[in-house]
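Novice: Here is the input, now give the coordinates:
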Amino acid sequence: MNRFAMSKALLILGLLLPAVNIMAQTKKTAEPKLAAPTVKTGKGGYEITVNLHGWAGKKFYLGYYFGDKQYLRDSAQADKTGKVVFKGDATLEGGIYMMATYEKNLMFDFVVTEQVFTLDTDTADFIGTMKVKNSYENEIFFDYTKLTSIKGREAMRIEGLIKEAREKKDTATERIQTQEYRKITSELADYRKNLVAKHPTTLLSKIFRIMTDIEVPDAPRDEKGIITDSSFQYKYYKAHYFDNFDWADERIVRTPVFHNKFENYITKVTLQSPECIIASADYVLKQAAAGKENFKYCLYWITNHYETSTYMGHDKVFVHMVDNYYAKGKAFWIDETLLFKMKDRADKLRYNLIGVNGKNLNMIDTNGIYHSLYNMKGKYTLLIFWDANCGKCKEEMPKLVKLYEELNANKKQNYFDVFSVSVTPDANDWVKYLRDKKFKWVNVYDPTNETNFRNFYDIYSTPVLFLMDQNKKIIAKRIGVEQLKDFIQDYDSGKIKYSETCPD
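Specialist: Next up is the predicted model:
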């Protein structure tokens, strides 16, 4: 992003608050299932009065930001004077809230810290005519949004002049107008800086601090000027990424800036190996524990994101979250039924994670002879679960035959073994299929699941493939046959390595 574009991005409303429809359910507590924060009850509750001059008799919503989504908390109807009162017995959690039409179109944002206050505005210009009563936080908030509204219009005018100058190749005018544009962004930056200094405890100040990027120093150099640590700046940035977060303030998760910064750290700043993700997750959750609402959201998001990840090996993160947080009672807001389901899911995954030794299987072939998975001697063993009546399996098996012959060609002993487990409901269909195809590898089944293979290898569909090394450590899982050759070559060459620790 060039400097002009970056200045423009920082300028837009200053807060980057999205003027979009509220994409949420109408229930007052419709938050993520695993992290649903409880409403903090308290004496007095809340009473937010909004005088909307020129909009009498209409219905409106009170909504709020939570992580990367917006949710509805309350609704009310304006009287004949345009007065709208949102009122409840429970104390509202602090954060950025919004006023929206009954069509769920955003009108304006405001701050909830105080529980009883009044906003007075005109529909012709919500921000420009806004007056605040009994809310210190909103006085500061709307002073800033009024400024950004004025500066924003001016910036758009200048942007048009810059575009026009470029089209005319008028470099002198373009240069002058670009300087004017930068002057506006500089004024806003100074305003934000002064606001943070004068009102450090306000939510707006904490939002500005979250939005501020960490300044990374130059990497150290030796006496010859050569950089002594090429990863210094990355490590510094990662270590100081959350320096501007006030984790103890539970309002920050209810702002439109929290989620993106948090997600960026977990999914972009952090190397996406399971070990690195787990290390970063533990670090973030340790910080977030200072504020229960922040902790709930972070734990929920990390757990859900990596349980549903399509990247091989990321299920290890889910198991770690369940074992170290949910099972230990740290997710105190979830009920026993959900906890049981999560622990059960983790148990089905823990035995077939990348890097663990797969459970041994002793199964019989079509002649009733037992074969053991651990007796396979090849450098690599493919454990495949398949169904003779499965269409996808019928597509994969001819590919596997070709790969098996190719990898084992000109080898004195098997380089690539296959331990093929049938889960065909009717064994006769399996036997007939084998008679027709005459596979050269080990073909077995366990019709009564005596080996408990369905749980140990999480078999709920077919085909499912696990690639193991000579010691039966799982090095790849749930991949297609067409991916196996390249994977094995990369593993042989050292391009793919597994580590129990994070390299950064």
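Novice: what secondary structure does Lys261 sit in?
Specialist: helix (DSSP: H, G, I helix; E, B strand; the rest coil).
Novice: any idea how far it is from Gly45?
Specialist: 32 Å (Cβ to Cβ, to the nearest Å). In short, each C-beta sits where N, CA and C put it, glycine included.
Novice: quick one, strands of the stretch 301-450 of the chain?
Specialist: Assigned by DSSP state E, counting those that start in this stretch, the strands in the stretch 301-450 of the chain fall at 362-364, 370-372, 380-386, 416-422, 442-445.
Novice: returning to that earlier point: more crowded one of Lys261 and Gly45?
Specialist: Lys261 (17 against 14; other Cβ atoms under 10 Å).
Novice: wait, isn't the more buried one in contact with Ile210?
Specialist: Yes - between Lys261 and Ile210 a contact is recorded at 5.8 Å, counting by Cβ atoms under 8 Å.
Novice: Could I get the pLDDT score of Leu34?
Specialist: As predicted, Leu34 sits at a pLDDT of 35.
Novice: Then the one 5 residues further on?
Specialist: pLDDT, the model's per-residue confidence, is 35 for Val39.
Novice: same thing with Leu349?
Specialist: 96.
Novice: Check the one 5 residues further on too.
Specialist: The confidence metric pLDDT takes the value 95 at Ile354.
Novice: how many other residues sit next to the closest residue in space to it that isn't next to it in sequence?
Specialist: Excluding the flanking residues, the one nearest Ile354 by Cβ to Cβ, 6 or more residues apart in numbering is Gly313, at 4.1 Å. By other Cβ under 10 Å, 21 other residues sit near Gly313.
Novice: I'd say Gly313 and Cys276 touch.
Specialist: No - assessed by Cβ under 8 Å, Gly313 is found out of contact with Cys276, at 11.3 Å.
Novice: on that earlier part again, please convert the strands of the stretch 301-450 of the chain to CSV, extending it with mean pLDDT, mean neighbour count and distance to Glu167.
Specialist: Shown next, in CSV, are the strands of the stretch 301-450 of the chain (pLDDT from 0 to 100; neighbours: other Cβ atoms under 10 Å; distance: least, Cβ to Cβ, whole Å):
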stretch, mean pLDDT, mean neighbour count, distance to Glu167
strand 362-364, 97, 17, 74
strand 370-372, 97, 13, 75
strand 380-386, 97, 23, 61
strand 416-422, 97, 23, 63
strand 442-445, 97, 20, 71
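Novice: For Thr462, which of these is the nearest?
Specialist: With Cβ to Cβ as the criterion, Thr462 lies closest to strand 380-386 of the strands of the stretch 301-450 of the chain, at 5.2 Å.
Novice: Identify the residues contacting that closest one?
Specialist: 358, 361, 373, 393, 396-397, 400, 415-424, 453, 457, 459, 462-470, 472, 484, 488 (Cβ atoms under 8 Å, 6 or more residues apart in numbering).
Novice: about what we covered before: select, out of the strands of the stretch 301-450 of the chain, the one closest to Pro256.
Specialist: Judging the strands of the stretch 301-450 of the chain by Cβ to Cβ, what sits closest to Pro256 is strand 380-386, at 45.2 Å.
Novice: so what strands line up beside the closest one?
Specialist: strand 416-422 (parallel), strand 464-468 (antiparallel) (DSSP bridges).
Novice: Find the nearest non-adjacent residue to Tyr457, please.
Specialist: In space, Tyr457 is closest to Asn352, 5.1 Å off (Cβ to Cβ, 6+ apart).
Novice: mind pulling up the phi and psi values for that neighbour?
Specialist: phi -130, psi 30 (degrees, to the nearest 10).
Novice: Count residues in the vicinity of Asp469, would you?
Specialist: So Asp469, with other Cβ under 10 Å, has 16 neighbours.
Novice: cool, Lys169 as well?
Specialist: Residue crowding around Lys169 was assessed by other Cβ under 10 Å; the count is 8.
Novice: Next: the one 5 residues further on.
Specialist: For Glu174, the tally of surrounding residues (other Cβ under 10 Å) stands at 18.
Novice: Figure out the helix or strand that the nearest residue to it once chain neighbours are set aside lives in.
Specialist: Closest residue to Glu174 apart from its sequence neighbours, by Cβ to Cβ, 6+ apart: Ala165 at 3.9 Å. Using DSSP states H and E, Ala165 falls within helix 136-167.
Novice: list the buried ones in whatever helix or strand comes next after that helix?
Specialist: Where DSSP H and E defines the elements, the next helix or strand beyond helix 136-167 is helix 171-198. By 16 or more other Cβ atoms under 10 Å, the buried positions in helix 171-198 come out as Glu174, Gln177, Thr178, Tyr181, Ile184, Thr185, Leu188, Ala189, Tyr191, Arg192, Leu195, Val196.
Novice: quick check: angle from helix 171-198 to helix 136-167?
Specialist: Here helix 171-198 runs at an angle of 170 degrees relative to helix 136-167 (axes from the mean of the first three to the mean of the last three Cα atoms, to 10 degrees).
Novice: chain center to helix 171-198, what's the gap?
Specialist: 33 Å (Cα atoms, centre = their mean, to the nearest Å).
Novice: what packs against it?
Specialist: If you count contacts as 3 or more Cβ pairs under 8 Å, 6 or more residues apart in numbering; DSSP states H and E, helix 171-198 packs onto helix 3-11, helix 136-167, helix 203-211.
Novice: Most tightly packed of the ones you listed?
Specialist: helix 203-211 (a mean of 21; mean count of other Cβ atoms under 10 Å).
Novice: Let's test this: mean pLDDT of that helix, rounded?
Specialist: The pLDDT scores in helix 203-211 average 96.
Novice: Please save the CA atoms from whatever helix or strand comes next after it in PDB.
Specialist: Tracing the chain C-terminally past helix 203-211 and defining elements by DSSP H and E, one meets helix 232-239 next. Taking Å, rounded to 0.1, in the frame of the first residue of the first chain, the C-alpha atoms of helix 232-239 are listed here in PDB:
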ATOM      1  CA  PHE A 232      15.000  -9.700  14.600                       C
ATOM      2  CA  GLN A 233      12.300  -7.500  13.300                       C
ATOM      3  CA  TYR A 234       9.700 -10.300  12.900                       C
ATOM      4  CA  LYS A 235      10.400 -11.500  16.500                       C
ATOM      5  CA  TYR A 236      10.200  -7.900  17.800                       C
ATOM      6  CA  TYR A 237       7.000  -7.200  16.100                       C
ATOM      7  CA  LYS A 238       5.400 -10.500  17.300                       C
ATOM      8  CA  ALA A 239       6.600 -10.000  20.900                       C
END
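Novice: Okay, buried residues for helix 232-239 please.
Specialist: For helix 232-239, a neighbour-count test (16+ other Cβ under 10 Å) marks Tyr236, Lys238 as buried.
Novice: Spit out the contact partners of the nearest residue to Leu204 once chain neighbours are set aside.
Specialist: Spatial nearest neighbour of Leu204, chain neighbours left out: Phe141 (5.3 Å); criterion: Cβ to Cβ, 6+ apart. Residues near Phe141 by Cβ under 8 Å, 6+ apart: Phe110, Val111, Thr202, Leu203, Leu204.
Novice: I'd like to know how far Thr310 sits from Arg478.
Specialist: Using Cβ to Cβ, Thr310 is found at 10 Å from Arg478.
Novice: between those two, who's got more neighbours?
Specialist: Each of Thr310 and Arg478 has its neighbours counted (other Cβ under 10 Å); Arg478 has more, 14 against 6.
Novice: which residues does the residue nearest to the more buried one when sequence neighbours are not counted bridge with?
Specialist: Leaving aside its chain neighbours, Arg478 sits nearest to Val464 (6.1 Å; criterion: Cβ to Cβ, 6+ apart). Taking DSSP bridges as the rule, Val464 bridges to Phe385.
Novice: since we're on Val464, how many residues are nearby?
Specialist: Residues within reach of Val464, counting by other Cβ under 10 Å, total 20.
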